[in-house]
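K.L.:
here is a sequence together with a model predicted from it:
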Amino acid sequence: MFQLSKKKIVLWLLPLFVILVAFLVYLPISSFAGIPVLNYHQVNDEGHTALTLSSYAFDAQMAFLKKAGYTAITPTQLCDYLENNASLPANPVLITFDDGYVDNYQVAYPILQKYGLTATIFLISDFVDTYKSYLTWAQVQEMQNSGINFASHTLSHAILTKESNDSLQAQLVKSREALEYRLHQKIEFLAYPGGYYNREVIRMAKEAGYRAAFTINFGRTYKHPNLFSLNRIPIFNTTHTFLHFWLRLKLTQEMLALQNLKDYLKNAGATTLASWVPTF
């Protein structure tokens, strides 16, 4: 009985040891590999959801990026680098927002201006000028004139993997067309609502005229042939929000490895060991 328990413990600890070694080996180079694409939603001092950062927390994060010498880039710059090996500025970071909440204009936009940073907002086109918690076209135009970029988050935030082909095409094409009509520029980038996508969604996104699409898959963005499954780093409101932000930004792949280890242990039934694995 003792031997059996000991064997189980070894089986559970082995992947932990492997991940730890990989973590220590990878640590010195992780900050220099891949491009971080930060993913935000709301910024205000009223909401209390995991997707809503306070103005103080967001300001602290943008201040850090500025002080640490990061340069905010656009999706076009990112894809030019990924596809054509175009040069990027030192310490590039792509700052993105999903949905197009009005607090992106009221709260996040002034903070971005304060630190001389740009961002890209993925708009739900049918929600603009429709719901009070979302942006108006006048606000979008003002931000665009000041260097904020805009892209598609579909017509109505539909779960694209559950849509019929006709509905999926409408979500992709009509959103792009609406944004191009309003903003007088080509719309080439898409963020999948809820992060849901599959091969058919990718195929139709390409046919709809997009150049690339962003997921909510946690990780940095590396050079690879599929520009329609680009990683991002979701930033949540947590008890230790700045520490969470710093670890995810600087040690992205290590945090991903720890999360994978935690999931592995849970699936293996080692819930106690899994609870010892820190994740952020």
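P.N.:
Nice, I can see it. In this text the structure is predicted, and so the values were computed from the model without any measurement.
K.L.:
low-scoring stretches of the stretch 51-200 of the chain, by residue?
P.N.:
Within the stretch 51-200 of the chain, no stretch has pLDDT under 70.
K.L.:
tell me where it has strands.
P.N.:
52-53, 71-72, 92-99, 120-123, 149-152, 189-191 (DSSP state E, counting those that start in this stretch).
K.L.:
out of those strands, which is closest to residue 82?
P.N.:
Across the strands of the stretch 51-200 of the chain, the minimum distance to residue 82, taken as CB to CB, is reached by strand 92-99, at 11.3 Å. All C-beta atoms are positioned from the backbone trio N, CA, C, and that covers glycine.
K.L.:
can I get the strands of the stretch 51-200 of the chain in a markdown table including distance to residue 176 and mean neighbour count?
P.N.:
What follows is the strands of the stretch 51-200 of the chain, written out as a markdown table (distance: least, CB to CB, whole Å; neighbours: other CB atoms under 10 Å):
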| stretch | distance to residue 176 | mean neighbour count |
| --- | --- | --- |
| strand 52-53 | 28 | 24 |
| strand 71-72 | 24 | 20 |
| strand 92-99 | 16 | 23 |
| strand 120-123 | 11 | 26 |
| strand 149-152 | 5 | 25 |
| strand 189-191 | 8 | 26 |
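K.L.:
in JSON lines: those, plus distance to residue 136.
P.N.:
Below are the strands of the stretch 51-200 of the chain laid out as JSON lines (distance: least, CB to CB, whole Å):
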{"stretch": "strand 52-53", "distance to residue 136": "20"}
{"stretch": "strand 71-72", "distance to residue 136": "24"}
{"stretch": "strand 92-99", "distance to residue 136": "14"}
{"stretch": "strand 120-123", "distance to residue 136": "11"}
{"stretch": "strand 149-152", "distance to residue 136": "13"}
{"stretch": "strand 189-191", "distance to residue 136": "20"}
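K.L.:
residue 229: neighbour count?
P.N.:
15 (other CB atoms under 10 Å).
K.L.:
okay but it is in contact with residue 202, surely?
P.N.:
Yes. With contact defined as CB atoms under 8 Å, residue 229 counts as touching residue 202 (7.3 Å).
K.L.:
re earlier: out of the strands of the stretch 51-200 of the chain, which is closest to residue 131?
P.N.:
strand 92-99 (10.5 Å).
K.L.:
ok so, going back, so what sits against both of residue 229 and residue 202?
P.N.:
residue 213 (CB atoms under 8 Å, 6 or more residues apart in numbering).
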